[in-house]
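Visitor: Sequence and predicted model, in that order:
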Amino acid sequence: MGLKGKLISAMDIKSDGDVFHELFREKPHHVSGMSPDHVQNCDLHEGEWGKVGSIICWNYTHDGKKEVAKDIIEAIDEEKKLVTFKIIEGDLMQLYKTFVVTVHVDTSGEDNLVTWTVEYEKLSENVPHPHTFMDLLLKITKDIETHHISNPN
C-alpha cells in the first residue's frame, strides 16, 4: 500500500439533505450543539462562514482523545451540495502530509445520501489509514440526523 489513499463512506439520512448541506456550508459552528460527544467547538478564525478560503478551527474527540483541526474551506458547490475542507494544522497533521475531507449530499432519491470522502497522504508507512476518523464523521452524521428528526424546526 502506498502513502496516498482515499476513503469513501455513504449513509442514508431521513432528515432534510438541504439542511444538512447548509449546516456544513455556512453553519458548521452549530455541529457541536448537535453532536456534543464528538465535536466540542467550531470557531471561525479567518474570513466568513460559508465562503471559500475561510479558516475554521474544530475541537473534537477522536479515539477518546481531545483533538484540534484547523482547516480551510477549499470548495463549495451549491449545485452538487458539496463542501471540501483541507486540514492545514492540528493533530491530524502529525500523521498526514495532506488531509482533505469532502461532504456531499445527494437529495435526488426518497432518502438523502450523505457521502464523506477523505483523501490523505500519510507521513510514513507506519501511520494508519484514517478509518477511525471516517467512523467519527459517520457518528457525527448520525447525531445530526437524530437532532433534525427530533427538532424538525
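Guide: Sure, I can see it.
Visitor: From here on, just use CA atoms for contacts and neighbour counts.
Guide: Will do.
Visitor: residues in contact with the longest helix seen in the chain?
Guide: In the chain, taking DSSP state H as the definition, the longest helix is helix 131-150. Residues from elsewhere that reach helix 131-150, judged by C-alpha atoms under 8 Å, 6 or more residues apart in numbering: 7, 9, 11, 13-16, 20, 31, 34-35, 38-39, 62-63, 116, 118.
Visitor: Straight-line length of stretch 104-124, end to end?
Guide: Start-to-end span of stretch 104-124 (C-alpha to C-alpha, to the nearest Å) is 29 Å.
Visitor: residues of it that come out buried?
Guide: Using 16 or more other C-alpha atoms under 10 Å as the test for burial, stretch 104-124 gives 104-107, 112-123.
Visitor: and the least confident of those residues?
Guide: Minimum pLDDT across the buried residues of stretch 104-124 is recorded for Thr107, with 87.
Visitor: dump the residue contacts of the nearest residue to that one once chain neighbours are set aside.
Guide: Nearest non-adjacent residue to Thr107, counting by C-alpha to C-alpha, 6 or more residues apart in numbering: Gly17, 5.8 Å away. For Gly17, the contact set (C-alpha under 8 Å, 6+ apart) comprises 105-107, 112-114.
Visitor: which one of the residues you listed is nearest Thr84?
Guide: Nearest to Thr84 out of those is Val105 (C-alpha to C-alpha; 12.0 Å).
Visitor: Distance check, the nearest residue to the closest one once chain neighbours are set aside against Gln94.
Guide: Closest residue to Val105 apart from its sequence neighbours, by C-alpha to C-alpha, 6+ apart: Val114 at 4.6 Å. Distance, Val114 to Gln94, by C-alpha to C-alpha: 28 Å.
Visitor: just Glu121 next, same as before
Guide: Glu121 sits 12 Å away from Gln94, taking C-alpha to C-alpha as the criterion.
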